[in-house]
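1. What follows is a predicted protein model with its sequence.
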Amino acid sequence: MRIRELRGIDDLTVSFPYPVSVLAGPNGCGKSTILFACACAYQDPDPERKPRRLTPGIVFPDFIDKNDQSACDMSIETELEFDYLHKKSAHGMTYIRGGGWDRSYGGRKKGQQPQRRFYLRTLANLTNPAEVRSFLQLARQQTQIQRLPTSSLSFAQGILLQDYQHLKIIRAKNRDLLFVDLRNQTPTQITPKYSEFHMSSGERAILYLSKDLSEFEESFILIDEIEAGLHPYAQQQVMLELQRMALRQKLQVIVTSHSPVVLYSVPLEGRIFLDRDIETNKVQVMPNYRDIFQKALYGQSLNKLSILCEDKIAEAIVRGVLDEIIPDLDLYPGDFIIDRDTGISEFPGHVRTLGKFSRLGNFLMVLDGDATTEQINTIKRSAKQYPDSMELLTLPDSVASEQWIWNVLKNHANDYSGDLGIDARNLKRSMANIENRYRQGLDHRQIPKDTLQYLAQDLSKEPESLARLCGRLEAKFKRGDMAEFRSRLLEQIERWRTRSQ
Ligand SMILES: Nc1ncnc2c1ncn2[C@@H]1O[C@H](COP(=O)(O)OP(=O)(O)OP(=O)(O)O)[C@@H](O)[C@H]1O
Ligand SMILES: [Mg+2]
């Protein structure tokens, strides 16, 4: 779906590759906006009622005061564009706001919108006392009671801890009311039963979802703030049930949430993390939000030291150094979160995101040895505007990590032969062979990466395990620049430890 010019969203494309997607991000970053826009994608051929369509005008109503223009919602040229994978629809639909909302499907004005049953739930069902009273008055007039099939309880049963027997619906004139019977715990007991007015708020929400969702097949389910009123255990179960249901009933589900439990309950491709760009204030989908950031932004790594490296190899070197120094520190590997990102150019952006949420203090950035002063300064500058100080280390020797490993193995083959299970002479010979092969190599930038890959293959190891071994042994021997790296890393760990106590 593409949204242009709506509620501070400039131009945003979001896709939903996983059957259950979670929209996450700070308040006001556009989660509900995207969810409501999704609700305009289909026409609902509800078999019991007449076909239902939600237009952008309904989900995004404008307040307009004809007498006083100073407090009117702005009507700008908004555009919503949908591409469908469902039923392999070849056409896309567009809504454009001119005077009203104009729809075109497959290029044809007012063309028929694709049909699919959908469900949109936002917060709050019958909450305030005035509503309750008006319902009770209605109910006195005429009601109809319907016992729902047991399938309507199956969703709730896996989530709520009560033992439900029947779910009923009391249909009044224009409002439905839920009613449940619990199962008897002892044969002599009177069956406990109660109406919606006596349900807990989480219980009511789940029972409604359970009833509603049991009816849908191949449908499109949209739920805003799914965790509202739910205990973390229930949140997790709801998400598990939703994923099961999505498979069984061929549903596509999109929810918004602030809860880490909900976010982590779906795999990476189901997580859509939104944020507003710090400089432009435009909403964007954050690419590649790695675990290390998600944990930091959701408060799950507050008492840990997060170490961010440039790539897998650098991460493995750091892990090796930690393998060597942690045992003397009375710390556990679990006290650290170590991760990597796609490269140095992404670091200033990460620093700003972490700074914005006051998370820089628990972070340590580790750059490759060949980072330039300019790159380092750019990263440092991006941290300046935040009160937390940012700590940054560079790996030993001013070379790429792969090159550093290569040099270390070549210069100290004797120290490594034991751990690698290869005679030092053979190790050197194998390295010389690979070097010779590469003398004719064309792309010089790739050479250290490829040579390490070849060497790892010769030794039947992964490049990362070579890197980790070099990190550990060089830290042990405190050789060259590694001595300095090791002591600065220790300093940073101490600094973090004192701060977090
Ligand atoms: N005309 C407008 N121009 C600029 N920004 C706007 C305009 N109208 C609304 N907004 C912004 O859009 C945001 C509404 O976004 P939305 O309701 O999607 O947020 P959300 O991510 O669901 O947040 P929450 O977690 O608080 O529910 C508001 O924060 C508001 O600042
Ligand atoms: Mg919202």
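-> Looks like it came in fine. Ligands and ions are numbered 1, 2, ... in the order given.
2. Now do the buried residues in the helix or strand Leu455 falls within.
-> Taking DSSP states H and E as the criterion, Leu455 maps to helix 447-458. Buried residues in helix 447-458, counting neighbours by 16 or more other Cβ atoms under 10 Å, are found at 447-449, 451-456. Just so you know, the C-beta spots here come from the backbone N, C-alpha and C atoms, and that holds for glycine as well.
3. try stretch 144-164
-> Neighbour-count burial for stretch 144-164 [16+ other Cβ under 10 Å]: 148, 152-153, 155-157, 159-160, 164.
4. Mark which of the residues you listed are part of strands, please.
-> Tyr164 (DSSP state E).
5. what about the stretch 101-250 of the chain, any weak spots by pLDDT?
-> Along the stretch 101-250 of the chain, segments meeting pLDDT under 70 span 123-141, 174.
6. Can you name the residue of it nearest to ligand 1?
-> Glu225 (6.8 Å; Cβ to the nearest ligand atom).
7. Quick check: the gap between the residue nearest to Gly100 when sequence neighbours are not counted and ligand 1.
-> Distance criterion Cβ to Cβ, 6 or more residues apart in numbering; nearest residue to Gly100, sequence neighbours excluded, is Gly57 at 6.9 Å. Separation of Gly57 from ligand 1 (Cβ to the nearest ligand atom, to the nearest Å): 15 Å.
8. do the same with Met74
-> In terms of Cβ to the nearest ligand atom, Met74 sits 5 Å off from ligand 1.
9. For the residue nearest to Gly100, grab the count of nearby residues.
-> If you count neighbours by other Cβ atoms under 10 Å, Gly57 ends up with 13.
10. what about the one helix or strand it maps to, distance to the chain center?
-> Assigned by DSSP H and E, Gly57 falls within helix 56-59. In terms of Cα atoms, centre = their mean, to the nearest Å, the centre of helix 56-59 is found 27 Å from the chain centre.
11. and it, what other elements does it pack with?
-> Counting contacts by 3 or more Cβ pairs under 8 Å, 6 or more residues apart in numbering; DSSP states H and E, helix 56-59 is packed against helix 31-38.
12. what's the next secondary structure element after the helix it packs on?
-> strand 43-44.
13. Can you spell out which helices and strands pack onto that next one?
-> strand 52-53.
14. if I pick the closest residue to Asp163 other than its chain neighbours, what's in contact with it?
-> Spatial nearest neighbour of Asp163, excluding adjacent residues (Cβ to Cβ, 6+ apart): Arg183 at 4.4 Å. Counting by Cβ atoms under 8 Å, 6 or more residues apart in numbering, Arg183 touches 163-165, 191.
15. do that again at 10 Å, thanks
-> Listed by Cβ atoms under 10 Å, 6 or more residues apart in numbering, the contact set of Arg183 reads 162-166, 189, 191-192.
16. any chance of those in TSV, plus distance to ligand 1?
-> Formatted as TSV, these follow (distance: Cβ to the nearest ligand atom, whole Å):
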residue	distance to ligand 1
Gln162	30
Asp163	35
Tyr164	31
Gln165	36
His166	35
Gln189	43
Thr191	40
Pro192	36
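17. Out of those, the closest to Arg468 would be?
-> Arg468 has its nearest neighbour among the contacts of Arg183 in Gln162, at 50.4 Å by Cβ to Cβ.
18. Would you confirm that that closest one contacts Lys193?
-> No. If you go by Cβ atoms under 10 Å, Gln162 and Lys193 don't touch, sitting 11.6 Å apart.
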